[in-house]
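S.K.: Return a 3D structure for these sequence lines:
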Amino acid sequence: MSDQMLLQPIQASNPEKARAALEKAREAHEKYLVRLQNCDLQEAIEHYIDAVKYDPAMPEAYYRLATLMWEQGQISVDTAIEQCKTAVSLAPQNINAHLYTGFFMKLAQDFKSAEQEFKSAIKMGKLKSARPRLILSQSILQKINTQNGTATDYMNFLYYFLSGSIMLAWDKPSMKMFYKNISDDLSVFTYNTVGKFLEKIRMYPTAENVYKQAVMATNHGEIFYNKMGDLALKNKELNLTVDCYRKVLEQNPQNREVMIKLATVLQTYFPENTDDAIDCYEKLLEFGLDTAQIYYELGHLYLQKEDKINSISAFKLAVDNDSENPFYNNSLAFAYSKAELYDDAIEHYQKAISINPDKEWTSIVCQALGSIYAEIKGNIEAGISTYQAGIILDPNNYELYLSLGDTYMAAYDLDNAIRTYCDAIMLNPEDYRGYSKAGIALWEKDYLEEALVSFHKSIDLNPENEYAHNNLGILYLDGLGDAEEALEYFETAVELNPSYTLAYFNAGRASQAMGFINDAAHYYQMSIDLNKITQDLDEDDIQNRLHKLFDI
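M.R.: A predicted model of the protein is given here:
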């Protein structure tokens, strides 16, 4: 039996047949409650369906049929709620219709709506409202156990529990069944309260043991595995956290809150478990809530796996659901750029920039867009304009100044490059990169002394920077003609990076200038060997230099 069939009963009014079918359904239902045999359950369902077919205006058939079909797993809680609401609409003064509606709302953890239904039943029942009062108190207690209850919640629980108990005194069968249910909830309440207290005084191992006892002693492992998972996460016991959340979902696969927690923990702390995190997010999509955010998270997980097609697809679905979200547009643009679909990337970077949720964040997006214009598209002017726009948004973005300086250098606009690198140095005088880049621009402009100072400062700030050592060596060798000083820097560059082809080549030039033929030959040969891998230099040029060393 599908949800759709239940929601659309056949319109065929025959009250007599409907009452007969309802009576047969009640008898089968009672047999099922006594014998717990599936054949009785199926018979009850069939007769309730017949009752609805013969008289679609019969409220009792709707809420009882919803209960049985939900127990069978044939319909969801949401569908059961809709069926009970149908019963309420057909008979607004039917207490049971309100009770069943509230019951399923409570299962869906919509406690506010559930309380409204129970209060409607109480209002209708007046002095005979013991059952709805006690069920409402049970709902409030469940709310306290699963959420952070307020002082008002505790007072309401006591009020409805005590008043319901008094009114229930002459209804012994109902009282017996209720106290069986309420005793379990009180047990949950006790374990929950003790565990919370122990957590507050930081007795975490003891609190964990209390929650473990609660799992064994109550029928609410879902609640306490959840609490154990939260506690383990607080203590950075990540494997235990995942195990506990998984146990919650084993007991209730529809617990969306815990599924979100599990997905977040897997995504944050277990990058090797990308597939598990993806599986969690895909299950969350089935709830139909926050789909844009879920697709956004899925996009990042697919990027982690270097799955470009699925990452683009996920981010695109996020944008389709929320086209004005700058972060979704930015991520989609990044995914497009990873797939080398640069025109699409430009479109969505521009969209993210136009929305501009935060100046600092938007300036970073400008840097990404500027690099596509300047480095990929070869549109230097667009690259420069975009970088400048980013700097206007965030004048303290050091990386933007370096990128803008690099673009000026690519256009051989040395004056603007030097000016921009100097602005970067003023912004962050402790970062070696600004000095190193400025040194190259100054050297190209034939400002030798300034370049010398800039390279030395770069090395002072970062002695491990092999490129600055190599560049400083070039300045000493080619600018100042000091081969001996230059060789020291080339050799340091080689020590720092034994695969630095250009540094070996320059060490060969310096050694040759000093007349150290064997050393020069060694360095040239090393640069030839490495160049076969790096392809940094013209091999014929190195070969010619090597051969000339031994010309008579």
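S.K.: The closest residue to residue 372 other than its chain neighbours: what's it in contact with?
M.R.: Excluding the flanking residues, the one nearest residue 372 by Cβ to Cβ, 6 or more residues apart in numbering is residue 342, at 5.5 Å. C-beta here means a position set from N, CA and C on the backbone, and glycine is covered the same way. By Cβ atoms under 8 Å, 6 or more residues apart in numbering, the contact set of residue 342 is 336, 372, 376-377.
S.K.: if you set the cut-off to 10 Å instead, what comes out?
M.R.: Counting by Cβ atoms under 10 Å, 6 or more residues apart in numbering, residue 342 touches 333, 336, 349, 372-373, 376-377.
S.K.: Could you do residue 518 as well?
M.R.: With Cβ under 10 Å, 6+ apart, residue 518 has these contacts: 511, 549.
S.K.: where's the residue positioned nearest the centre of the chain relative to residue 338, distance?
M.R.: The residue lying closest to the centre of the chain (Cα atoms, centre = their mean) is residue 297, at 4.4 Å. Residue 297 sits 17 Å away from residue 338, going by Cβ to Cβ, to the nearest Å.
S.K.: From residue 400, how far off is the residue nearest to residue 372?
M.R.: From residue 342 across to residue 400, the span is 20 Å (Cβ to Cβ).
S.K.: Only the buried subset of the contacts of residue 342, as a ChimeraX command please.
M.R.: Buried residues among the contacts of residue 342 (16 or more other Cβ atoms under 10 Å), as a ChimeraX selection:
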select :333,336,349,372,373
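S.K.: any weak-confidence spans in the chain?
M.R.: 1-13, 29-38, 40, 72-73, 148, 168-186, 552 (pLDDT under 70).
S.K.: quick one, strands of it?
M.R.: In the chain, no segments count as strands under DSSP state E.
S.K.: Count residues in the vicinity of the closest residue to residue 503 other than its chain neighbours, would you?
M.R.: Distance criterion Cβ to Cβ, 6+ apart; nearest residue to residue 503, sequence neighbours excluded, is residue 493 at 3.9 Å. Per other Cβ atoms under 10 Å, the neighbour tally for residue 493 reads 24.
S.K.: wouldn't residue 493 be in contact with residue 471 here?
M.R.: Yes: between residue 493 and residue 471 there is a contact at 8.9 Å, judged by Cβ atoms under 10 Å.
S.K.: got any residues that touch both of these two?
M.R.: Common neighbours of residue 493 and residue 471 (criterion: Cβ under 10 Å, 6+ apart): 465, 502-503, 506.
S.K.: among the residues you listed, who's most crowded?
M.R.: Neighbour counts for the shared contacts of residue 493 and residue 471 (other Cβ under 10 Å) peak at residue 503, which has 30 neighbours.
S.K.: quick one, what contacts residue 373?
M.R.: Contacts of residue 373 by Cβ under 10 Å, 6+ apart are 342, 346, 349, 379-387, 407.
S.K.: and residue 365, how many neighbours?
M.R.: Residue 365 has 26 neighbours, counted by other Cβ under 10 Å.
S.K.: Check whether it really touches residue 387, as I assumed.
M.R.: No: counting by Cβ under 10 Å, residue 365 stays clear of residue 387, with 11.7 Å between them.
S.K.: Common neighbours of the two, please.
M.R.: By Cβ under 10 Å, 6+ apart, residue 365 and residue 387 have no common neighbours.
S.K.: OK, contacts around residue 320?
M.R.: 291-292, 295, 328, 332.
S.K.: Ok, residue 307 next?
M.R.: By Cβ under 10 Å, 6+ apart, the contact list for residue 307 reads 274, 278, 299, 301, 313-314, 335.
S.K.: repeat for residue 235
M.R.: Neighbouring residues of residue 235 by Cβ under 10 Å, 6+ apart: 204-205, 208, 241.
S.K.: Go through these and flag which are in helices.
M.R.: The helices, defined by DSSP state H, take in 204-205, 208, 241 from these.
S.K.: what two of those have the greatest distance between them?
M.R.: Spanning the widest gap among those are 205 and 241, at 15.4 Å by Cβ to Cβ.
S.K.: Among those two, which residue is more densely surrounded?
M.R.: Neighbour tally, residue 205 and residue 241, criterion other Cβ under 10 Å: the higher count belongs to residue 241, 23 against 10.
S.K.: so that one touches residue 227, yeah?
M.R.: No: when contacts are counted by Cβ under 10 Å, residue 241 is not listed as touching residue 227 (11.5 Å).
S.K.: ok so, going back, contacting residues for the residue nearest to residue 503?
M.R.: Counting by Cβ under 10 Å, 6+ apart, residue 493 makes contact with 465-473, 500, 502-504, 506-507.
S.K.: what's the spacing between it and residue 467?
M.R.: If you measure residue 493 against residue 467 using Cβ to Cβ, the figure is 7 Å.
S.K.: So for these two, which residues contact both of them?
M.R.: With Cβ under 10 Å, 6+ apart, residue 493 and residue 467 have common neighbours 500, 502-503.
S.K.: taking those one by one, which sit in helices?
M.R.: The helices, defined by DSSP H, take in 502-503 from the shared contacts of residue 493 and residue 467.
S.K.: If we only consider the shared contacts of residue 493 and residue 467, which is nearest to residue 135?
M.R.: For those, the nearest to residue 135 is residue 500 (77.7 Å; Cβ to Cβ).
S.K.: I am assuming the closest one contacts residue 470, so please confirm or correct that.
M.R.: Yes: using Cβ under 10 Å, residue 500 is in contact with residue 470, at 6.9 Å.
S.K.: shared neighbours of these two, which are they?
M.R.: Joint contacts of residue 500 and residue 470 (Cβ under 10 Å, 6+ apart) are 490, 493-494, 506-507.
S.K.: Which of those residues sits closest to residue 83?
M.R.: Nearest to residue 83 among those, counting by Cβ to Cβ, is residue 493 at 77.8 Å.
S.K.: hmm, back to that, among the shared contacts of residue 493 and residue 471, which one sits closest to residue 531?
M.R.: Nearest to residue 531 among the shared contacts of residue 493 and residue 471, with distances taken as Cβ to Cβ, is residue 502, at 9.2 Å.
S.K.: and that closest one, what is it in contact with?
M.R.: Residues in contact with residue 502 (Cβ under 10 Å, 6+ apart) are 466-467, 470-471, 474, 490, 493, 527, 530-531, 534, 536-537.
S.K.: what about 8 Å?
M.R.: 470, 527, 536-537.
S.K.: picking that back up, how about the shared contacts of residue 493 and residue 467 in a markdown table, adding distance to residue 47?
M.R.: Formatted as a markdown table, the shared contacts of residue 493 and residue 467 follow (distance: Cβ to Cβ, whole Å):
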| residue | distance to residue 47 |
| --- | --- |
| 500 | 86 |
| 502 | 88 |
| 503 | 90 |
